[in-house]
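> return atomic coordinates for the entry below.
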Amino acid sequence: MSIGEQPSDVLAPATVLEFSDDLPYVDIAPLHGFLEARLTEAAAAREEGSDPHLPVTSFRDVTRSPCVTLADELSAGEQVALTGQADLPGETQTRRQNTGHGWSQLVTAAERLSCHPGHLPRWRTLPHMFAEHAEFVAAAEIDRRISDSNEATGAHP
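Numbers count the residues shown, from 1 in each chain. Now for the predicted structure:
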């Protein structure tokens, strides 16, 4: 599947993205289109071949690859979910991490253009893959704070 194609409606997208596991394939094309349009506008505002023109066109061209990669990851993830193997370790975990990382990179780029009316609030960083991951990270943070506090005061647990 390419970024512009629509997958089947087997997995309904969440209204608000909370976790990277909520991210559907259909979100990639609008984000890619937004970035492409804004960067094309920025490039057009600079004289072709000028020093400011090159980085803008280069960044525009570079954003295509992560969009395709992310679309591929999400497409593969949807296929895995359809087979009921979404909770298996290994490749699924790597895909989940890659999805979150790829999405974060793209929305960080789009965030800098959030004043544009075409920017969607849905495009935001998703620091956790799923609810249990968020709970694990929160517990680890509490443990770290307790450990730091004990070290600072010289107390032992």
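> so how far is the helix or strand encompassing Pro30 off the chain centroid?
Element membership of Pro30 [criterion: DSSP states H and E] is helix 28-44. Distance of helix 28-44 from the chain centroid (CA atoms, centre = their mean, to the nearest Å) equals 16 Å.
> can I get that helix in PDB? Just the C-alpha atoms.
This file holds the C-alpha atoms of helix 28-44, laid out as PDB (Å, rounded to 0.1, in the frame of the first residue of the first chain):
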ATOM      1  CA  ILE A  28      -0.200   9.400   7.400                       C
ATOM      2  CA  ALA A  29      -1.400  10.800   4.100                       C
ATOM      3  CA  PRO A  30      -2.900  14.000   5.600                       C
ATOM      4  CA  LEU A  31       0.200  14.600   7.700                       C
ATOM      5  CA  HIS A  32       2.500  14.000   4.800                       C
ATOM      6  CA  GLY A  33       0.300  16.300   2.600                       C
ATOM      7  CA  PHE A  34       0.400  19.000   5.200                       C
ATOM      8  CA  LEU A  35       4.200  18.900   5.500                       C
ATOM      9  CA  GLU A  36       4.700  18.700   1.700                       C
ATOM     10  CA  ALA A  37       2.400  21.700   1.100                       C
ATOM     11  CA  ARG A  38       3.900  23.900   3.800                       C
ATOM     12  CA  LEU A  39       7.500  23.100   2.800                       C
ATOM     13  CA  THR A  40       6.600  23.600  -0.900                       C
ATOM     14  CA  GLU A  41       5.100  27.000   0.000                       C
ATOM     15  CA  ALA A  42       8.300  27.900   2.000                       C
ATOM     16  CA  ALA A  43      10.500  26.800  -0.900                       C
ATOM     17  CA  ALA A  44       8.500  28.900  -3.400                       C
END
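> now do that helix: everything it contacts.
3-4, 53, 56-57, 59-60, 63-64, 67, 70-71, 74, 106-107, 109-110, 113, 116, 118-120, 123 (CB atoms under 8 Å, 6 or more residues apart in numbering). (Each C-beta comes from the backbone N, C-alpha and C, glycine too.)
> which strands or helices does the helix or strand just after that helix pack on?
Sequence order places helix 53-82 as the next helix or strand after helix 28-44, per DSSP H and E. Using 3 or more CB pairs under 8 Å, 6 or more residues apart in numbering; DSSP states H and E as the contact criterion, the secondary-structure elements in contact with helix 53-82 are helix 28-44, helix 91-111.
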